[in-house]
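> fold the following, please.
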Amino acid sequence: MSLTAQQDKTNNVIDLYKDILRAVEDLATCSYTEDAFTELLSRIQSAVCPDHKGFPAYAKTSPLD
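Presented below is the predicted three-dimensional model:
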């Protein structure tokens with residue numbers, strides 16, 4: 001795997017991490033309604049779901065050659 005591909009995957013994971021952090025931070029200040037919790041928890045779930053299209057199985061990524 002090329003260095004560029006590794007960098008792209010790393011940047012993708014960083015972006016997903018930031019999205020998760022924002023959603024968790026929003027949980028601290030959102031209105032206490034079912035709709036608000038559902039929306040935020042759905043954002044978190046879609047970011048960490050193993051078959052999320054933006055987050056393929058990076059654990060199976062081979063090290064740089």
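
> surely Ala47 touches Asp19?
Yes - with contacts counted by CB atoms under 8 Å, Ala47 reaches Asp19, the gap being 5.2 Å. Just so you know, the C-beta spots here come from the backbone N, C-alpha and C atoms, and that holds for glycine as well.

> between the two, which is the more surrounded one?
Neighbour totals were compared for Ala47 and Asp19, and Ala47 leads with 19 against 16 (other CB atoms under 10 Å).

> got a list of what the more buried one touches?
Neighbouring residues of Ala47 by CB atoms under 8 Å, 6 or more residues apart in numbering: 16, 19-20, 23, 55.

> looking at those residues, state which has the most neighbours.
Neighbour counts for the contacts of Ala47 (other CB under 10 Å) peak at Ala23, which has 19 neighbours.

> run through the residues that contact the nearest residue to that one once chain neighbours are set aside.
Of all residues beyond its chain neighbours, the one nearest Ala23 is Arg43 (4.4 Å), with distances taken as CB to CB, 6 or more residues apart in numbering. Neighbour list for Arg43: 19-20, 23 [criterion: CB under 8 Å, 6+ apart].

> and the residue nearest the centre of this structure?
Leu16 (2.9 Å; CA atoms, centre = their mean).

> what sits closest to that residue if chain neighbours are left out?
Nearest non-adjacent residue to Leu16, counting by CB to CB, 6+ apart: Ala47, 5.0 Å away.
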